[in-house]
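Chemist: sequence and predicted model, in that order:
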Amino acid sequence: MTDTRADAPADAAGSDPAEASSPADAVLPSLASEATERRGLAPRTRSLLLFGGLAVALVTGVVVSAGAGQLPVPPHEVWNSLLRGLGLSDAPEALPNTDSALWNIRFPRIAMALLIGAALAMAGTVMQAIFANPLAEPGVVGVSSGAALGAAAAIVLGWTAFGDWVTAVAAFVAGLGATLVVYLASRAGGRTEVVTLVLTGIAINAFAGGALAFLTFIGDTGSREEIVFWQLGSLNGARWPEVAVMLPLVVVAGVAALLLGRTLDLFSLGEPGARHLGVRVETVRIVSIVVVAVLVCSAVAFAGIIAFVGLIVPHLMRMVLGPAHRPLLVASALGGALLLLLADLAARTMVPMADLPIGMLTSIIGGPFFFWLLRRTRRRSGGWG
Amino acid sequence: MSLAFTATGLALTATGLAVEIDGVRLLDSVDFTAAPGRVHALIGPNGAGKSTLLAALAGDRAAASGTVHLGDTAVARQSPKVLARLRAVLTQEHTVSFPFPVREIVAMGRHPWAGSSAADDDDREIDAAMAATDVSHLAARTVPSLSGGERARVALARIVAQRTPVLLLDEPTAALDLKHQEDVLRLARDHAAAGATVVVVLHDLNLAAAYADDITLLRLGRVVATGAPAEVLTAERIEAVYGQPVEVVPHPRTGVPLVLPVR
């Protein structure tokens, strides 16, 4: 390959500017560049491997996850049942009740895990782009808890009498409000400093936590259980009607995010830089915020708070693909789907006869990851940049 | 590289311009004209309003009163898309939030031309811009791994790749070594020679004297003097504006005024 980009360092995100900005580097740029450019795989090969790997892992994961549970189903039976359900096979059921267990309980739950994982990871990617900050994440900055607060209010105040969808709408409105508050409060000069972002998140999470506690306090037992469900996050009870609502939302918001892809790249230059290149910054900002709110809030409405997916996945994908947003969004959607598929499998099977809250799992993994990322970002910016 | 512009001869004019931020008047009654084919330097002490004037010329800062015209059109009425094909802006801030490879950053400068016939030249323009700013060897590096001066040159390459007939450069020499400072201003001269309008904020009065066709000296948001370097850069005026005694002597060979602080 003659493309010079083939020499991009594999761990480019990790190179330390403190070294690079030493006087020796300015005098001897060629030596310095040789030192930082480590030969890795060509970008095209790397992205092919990544997308191929994600696709294989997703298919394998779906079959394995569908087979695991109180009624174990061997992989080839899962596969046959999938084909039967899609009308592609008329092989008879090897075990009784396989089809009903798979199609009524496990497949919708798996579909929901895939959709919510994709939604959260894409939301994280878009959020990081418009905040121009790799640490922005719906859970960390309080969008998820804002949405959960809306849902809890709908439950406790009895708005659900108007229909099940009211909870989802309340989650959406409150989450959109929280996104706007974070955005307006944490930016200065077209950028978001890490410390402002994190502190804004603390404030919003604290407020939402307090309000949720109040609602838990005044709610009856039934409402309390539902609120706990929102806070812990779970895919338990996901059925096809929920999938049918979630699917179009994720597709529409995902396509919108992809269409914004090139423009989101320009936001890396800061808002003035993007504007100088002809971007209608205000419009893109509003559209992006709505996209984030739709993705996060629909996820929260059906599965409660599942934090850190939007942080871990885009970051890992960026390390492989580089930061260009179009491929990054696609890879994040696949990676998010895979992560939540595996997290849900773990939640269902780690403890026998128990369904662990999936939000608890992602936070246990995501918390330390966030900490590591925070330290690294801080070191790179030489402070709290 | 060839420097023919699709639109040439765009003058940039401010008339009676005032800019306020949070009720503080940063520019007042500024009349300013940058003509095509010329390099126009903005100089003045810290806080004189140089960057504010540049931002107003770029269309980033709204005028409290007065107007800014690019050619015959008010900048405030122009859409971002059209403006991006007419003028490029080098800000003092060269941060890039994500580790994009250098070549991709420079390629962002081609964004305004996406979908037009000019987009066919993207690769050639990007290569030429990178060669002109001496960043070709950095193509595969990512921005966080660059030194301050290298980042500044990458940002400049992006502005050059934008191929606009008007260039607004805010302290393009700030982080650069001796040779690259001269390179940048030679590049500004080349663009002006090809018909571009170049406005450049400079702190180094000698660079301004050597490379600018016109100089505007600002103090406290007002224009103190504007004209040819030799007219603007007099010892009395510089001392009065900067509060630092200087000697101004002609360069023994070129005759360009040299400003030397009295030490």
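Modeler: Arrived safely, thanks for sending.

Chemist: what comes up buried for the helix or strand harbouring residue A:302?
Modeler: Taking DSSP states H and E as the definition, residue A:302 sits inside helix A:281-303. Burial within helix A:281-303, assessed by neighbour count using 16 or more other C-beta atoms under 10 Å in any protein chain shown, is assigned to A:281, A:284-285, A:287-289, A:291-303. Quick note: C-beta positions are derived from backbone N, CA and C, even for glycine.

Chemist: so where's the chain shaky on pLDDT?
Modeler: Since no chain was named, I'll use chain A. Counting by pLDDT under 70, chain A contains low-confidence residues at A:1-40, A:164, A:188-194, A:377-385.

Chemist: oops, chain B please
Modeler: Counting by pLDDT under 70, the ranges of chain B that qualify are B:1-8.

Chemist: can you pull out the strands in it?
Modeler: Taking DSSP state E, the strands of chain B run over residues B:12-21, B:24-34, B:39-43, B:65-70, B:73-74, B:87-90, B:166-170, B:197-201, B:214-219, B:222-227, B:246-250, B:257-261.

Chemist: in TSV: those strands, plus mean neighbour count and distance to residue B:56.
Modeler: As requested, the strands of chain B are exported to TSV (neighbours: other C-beta atoms under 10 Å in any protein chain shown; distance: least, C-beta to C-beta, whole Å):
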stretch	mean neighbour count	distance to residue B:56
strand B:12-21	19	5
strand B:24-34	19	7
strand B:39-43	27	11
strand B:65-70	18	6
strand B:73-74	13	12
strand B:87-90	26	12
strand B:166-170	25	10
strand B:197-201	28	11
strand B:214-219	23	12
strand B:222-227	17	13
strand B:246-250	14	29
strand B:257-261	17	27
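
Chemist: so which of these gets nearest chain A?
Modeler: Chain A lies closest, by C-beta to the nearest C-beta, to one member of the strands of chain B: strand B:87-90, at 4.5 Å.

Chemist: can you list contacts of the closest one?
Modeler: Residues from elsewhere that reach strand B:87-90, judged by C-beta atoms under 8 Å, 6 or more residues apart in numbering or on different chains: A:272, A:276, B:12, B:54, B:58-60, B:70, B:109, B:155-156, B:159-160, B:162, B:164-170, B:172.

Chemist: mind checking how far residue B:94 is from residue A:341?
Modeler: Shown here: residue B:94 relative to residue A:341, a distance of 41 Å by C-beta to C-beta, to the nearest Å.

Chemist: and the stretch 201-350 of chain A, which of its residues are near chain B?
Modeler: A:262, A:265-270, A:272-273, A:275-281, A:318, A:322-324 (C-beta under 8 Å from any C-beta of the partner chain).

Chemist: looking at those, which are in helices?
Modeler: Taking DSSP state H, the ones among these that sit in helices are A:262, A:265, A:266, A:272, A:273, A:275, A:276, A:281, A:318.

Chemist: now, which of the residues you listed sits nearest chain B?
Modeler: Among those, and counting by C-beta to the nearest C-beta, the member closest to chain B is residue A:276, at 4.5 Å.

Chemist: give me the distance between the closest residue to chain B within the stretch 51-200 of chain A and residue B:214.
Modeler: Among the residues of the stretch 51-200 of chain A, residue A:132 lies nearest to chain B; the distance is 4.0 Å by C-beta to the nearest C-beta. Using C-beta to C-beta, residue A:132 is found at 36 Å from residue B:214.

Chemist: which residue is the nearest non-sequential neighbour of residue A:79?
Modeler: On the basis of C-beta to C-beta, 6 or more residues apart in numbering or on different chains, the spatially nearest residue to residue A:79 that is not a chain neighbour turns out to be residue A:63, at 6.2 Å.

Chemist: verify the stated contact: that neighbour with residue A:77.
Modeler: No. Using C-beta atoms under 8 Å, residue A:63 is not in contact with residue A:77, being 9.8 Å away.

Chemist: if we can go back for a sec, my guess is the residue of the stretch 51-200 of chain A closest to chain B meets residue A:266, correct?
Modeler: No. Under the contact definition of C-beta under 8 Å, residue A:132 does not touch residue A:266, with a separation of 10.4 Å.

Chemist: just to revisit the earlier point, and which of the ones in helices among the residues of the stretch 201-350 of chain A next to chain B is nearest to residue B:189?
Modeler: Here the nearest of those to residue B:189, counting by C-beta to C-beta, is residue A:276; it sits at 22.3 Å.

Chemist: just give the nearest non-adjacent residue to that closest one, would you?
Modeler: residue B:89 (4.5 Å).

Chemist: check contacts around residue A:219.
Modeler: With contact taken as C-beta under 8 Å, 6+ apart, residue A:219 is in contact with A:152, A:155, A:156, A:227.

Chemist: by neighbours, which of those wins?
Modeler: residue A:152 (30 neighbours; other C-beta atoms under 10 Å in any protein chain shown).

Chemist: for residue B:215, see how far away it is.
Modeler: Using C-beta to C-beta, one gets 64 Å for the distance from residue A:152 to residue B:215.

Chemist: where do the strands of chain A begin and end?
Modeler: Secondary structure of chain A, counting by DSSP E: strands at A:187-188, A:191-192.

Chemist: please, where are all the helices along the stretch 51-200 of chain B?
Modeler: Taking DSSP state H, counting those that start in this stretch as the test, the helices found in the stretch 51-200 of chain B are B:80-86, B:102-108, B:122-132, B:148-161, B:178-193.

Chemist: and of these, who's closest to chain A?
Modeler: helix B:80-86 (3.1 Å).

Chemist: is chain A contacted by the closest one?
Modeler: Yes. Contact of helix B:80-86 with chain A (C-beta under 8 Å from any C-beta) involves B:80, B:81, B:82, B:83, B:84, B:85.

Chemist: if you count neighbours, what's buried in that helix?
Modeler: Of the residues in helix B:80-86, those buried (16+ other C-beta under 10 Å) are B:80, B:83, B:84, B:85, B:86.

Chemist: this completes my enquiry, with thanks.
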